[in-house]
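# this is the structure alone, sequence omitted:
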């Protein structure tokens, strides 16, 4: 079953992160940080601490337990917050994972995954489903083909923002999540357009675009924006990749032209000079502003409205403030580190709330 | 079986194009036009003419027959020159197609396909294979994952050219095919890097990148270039898509940064003003030159060296010459229509032969 057949509505969830919390459990961390369904517990056999906030300072204090049966309160669903099946192969699930998936299904809970390769039709899981009523839901599966080209050029009412990067892993996802959160706090009817497996987990419905054949990406993104744009005032499209990055420029171009954003938020990592995974210099911030705006222009008149600087590697808050000010100057637009400080500067810059 | 497990070496082939030649049989047409294996016959139940050249003036004169058993001379392989399985579903093969595939396999011929969805493991085909010794070979299947990031930044010895477009369907494939053909005629050790199903059919080994998950495209293209670049003097990478096209910009960015070309050949269609399938104006030729060069620059110092203008819709040769001259001026580089005239201007511009 995929999220496109059935929206997942869960109030209280547990998050599976066996052996990988926190270092290799990005989905789990983002769920704890941003999850709309309340995260009641993180489940990790390794249990490096009794609570999440001791391992990741910026997280709320959520209990970590060793198995599903140790979750102290009732939950609707178990979300898989780690990558069980890298590279798209069918996952060879560890016994603790299998045990907790069976336990959740047998307890009538949905098991929510967003990565390819999860053995949805596993006989033991199907038996547990039949017995307990829970279901395995893949929220990152590509949506079905849209028919023909109809409506491709119609606009949407919502203001559409896209986060774009100067490199991979500079915060295009977390900036999008922060923007949606902050906008909602100001009373704006905002929604995320998830394009990664983590975003799909958070939102309950999206597309992990790195799973899509390249020829479908633009159209899928266009469809997601169109579908949500009718019902919301603000859409924040989760960007990924960077326009000159040798391994991910296709992704951001597909997003840029598929989403047709009204505005861009440029994400950058303080002090980074080489592109992630490559011996290639990162072009200047000004070059990025220019390239993103000019490549988008024929399809969407858009401008970089604000910047998000990842200052994780800057030691002190004053130095981080200085780095942000320097970034804003090079950008020619307001900037902040939305994780270290807050997203207000971004919202102000885009004129919201 | 895929083309990556076994290179196909065929001397004489027949091309299957049931019911679709010439209008909907692009693979068949390119095979007849450029095929290194000699095309002995095109097979089409509809048989709108006894020879190809009566249906497509620019093609050599190849017999069209109604079934595999009517091919008058021995062949090594049957190439499937039409899209039997659009949209990646398993093809529901028509009876004439099934009959001729079985006949070819039973005669000991390989059956070469390059589109997803061909029922490679069909029981009737497996029986025919067992009886006759022919095999079904998928030359467009994605190559296996390369391990890790090793060697990503090493250069290749060969001169690498990439064809890029101002729109989809402007001739990035045929310009690449013409360049390789013309270079070989001048004695240059040139090879195609095929990135489409048609290119894979022509070359016998490649990747239909539109079948690839977007996250793998850059790396696959890099691998194809690296593998061939060690053995050749010139590589021409078959481009597809256009940098501002709302449905294909991801493809060309993946190719641009994956291939790291030394030079670009810009392909354009005379008189076209709107992007294929979209109500979006095509930016100027100068804008395209600038964007391609600047987006590539951090990864590959490259320049638009020449232009290929598709003048199919220009009525007379003198008017076509004039359109080419105008295009060359806007481009600031030599140009031609390599199909209508020849590719010499392109080869001269890139300094080859």
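Structure received. Keep in mind the model is a prediction, meaning the values are calculated, not measured.
# packing partners for the helix or strand containing residue A:265?
Following DSSP states H and E, one finds residue A:265 within strand A:263-269. Judged by 3 or more C-beta pairs under 8 Å, 6 or more residues apart in numbering or on different chains; DSSP states H and E, strand A:263-269 is in contact with strand A:159-165, helix A:172-185, helix A:285-296, strand A:303-310. Every residue, glycine included, has its C-beta placed from N, CA and C.
# list the contacts of residue A:160.
Residue A:160 makes contacts with A:225, A:229, A:235, A:237, A:259-263, as judged by C-beta atoms under 8 Å, 6 or more residues apart in numbering or on different chains.
# with residue A:159 instead?
A:233-235, A:262-263, A:350, A:352.
# which one of the contacts of residue A:160 is nearest residue A:48?
residue A:237 (34.4 Å; C-beta to C-beta).
# give me the phi and psi angles of the closest one.
According to degrees, to the nearest 10, the main-chain angles of residue A:237 amount to phi -90, psi 120.
# by neighbour count, which of the contacts of residue A:159 wins?
Neighbour tally across the contacts of residue A:159 (other C-beta atoms under 10 Å in any protein chain shown): the maximum, 27 neighbours, falls on residue A:235.
# shouldn't that residue be within a strand?
Yes - with DSSP: H, G, I helix; E, B strand; the rest coil as the criterion, residue A:235 is part of a strand.
# and the pLDDT at it?
Model confidence at residue A:235, expressed as pLDDT, equals 96.
# I'd guessed it sits against residue A:191; true?
Yes - using C-beta atoms under 8 Å, residue A:235 is in contact with residue A:191, at 5.6 Å.
# quick check: which ranges of the stretch 101-250 of chain A have low pLDDT?
Low-confidence segments of the stretch 101-250 of chain A (pLDDT under 70): A:145-155.
# where along it do the strands fall?
Remark: strands assigned in the stretch 101-250 of chain A by DSSP state E, counting those that start in this stretch are A:110-113, A:136-138, A:159-165, A:190-193, A:234-237.
# just so I know, which of those strands lies nearest residue A:321?
strand A:159-165 (21.6 Å).
# quick check: angle from that closest one to strand A:263-269?
20 degrees (axes from the mean of the first three to the mean of the last three C-alpha atoms, to 10 degrees).
# and strand A:159-165, how far out from the chain middle?
Its chain's C-alpha centre and that of strand A:159-165 lie 13 Å apart, by C-alpha atoms, centre = their mean, to the nearest Å.
# can you get me a residue count around residue A:323?
There are 20 residues near residue A:323, going by other C-beta under 10 Å.
# is it in contact with residue A:307, as I believe?
No - using C-beta under 8 Å, residue A:323 is not in contact with residue A:307; the gap is 11.2 Å.
# and the strand holding residue A:265 with helix A:285-296, angle?
140 degrees.
# in its sheet, what does strand A:263-269 sit against?
strand A:159-165 (parallel), strand A:303-310 (parallel) (DSSP bridges).
# most tightly surrounded among the ones you listed?
strand A:159-165 (a mean of 28; mean count of other C-beta atoms under 10 Å in any protein chain shown).
# relative to helix A:172-185, how tilted is that strand?
150 degrees.
# what about residue A:94, distance to chain B?
22 Å (C-beta to the nearest C-beta, to the nearest Å).
# now swap in residue A:26 and tell me
According to C-beta to the nearest C-beta, residue A:26 and chain B sit 16 Å apart.
# show the pLDDT at that residue.
pLDDT, residue A:26: 90.
# wait, it sits on residue A:198?
Yes - if you go by C-beta under 8 Å, residue A:26 and residue A:198 touch, sitting 5.9 Å apart.
# which of these two has more residues huddled nearby?
Using other C-beta under 10 Å, the more surrounded residue of residue A:26 and residue A:198 is residue A:198, with 27 against 20.
# which residues touch the more buried one?
Contacts of residue A:198 by C-beta under 8 Å, 6+ apart are A:26-27, A:30, A:114, A:173.
# could you list the domains of chain A?
A:12-138, A:159-349 (automatic domain parsing).
# and the gap between the closest residue to residue A:34 other than its chain neighbours and chain B?
Nearest residue to residue A:34, sequence neighbours excluded (C-beta to C-beta, 6 or more residues apart in numbering or on different chains): residue A:177, at 4.7 Å. Separation of residue A:177 from chain B (C-beta to the nearest C-beta) stands at 21 Å.
# how about residue A:76: what's its closest non-neighbour residue?
residue A:10 (4.1 Å).
# give me the phi and psi for the one you found.
phi -120, psi 140.
# reformat the strands of the stretch 101-250 of chain A as TSV; add distance to residue A:301.
Shown next, in TSV, are the strands of the stretch 101-250 of chain A (distance: least, C-beta to C-beta, whole Å):
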stretch	distance to residue A:301
strand A:110-113	38
strand A:136-138	36
strand A:159-165	12
strand A:190-193	19
strand A:234-237	16
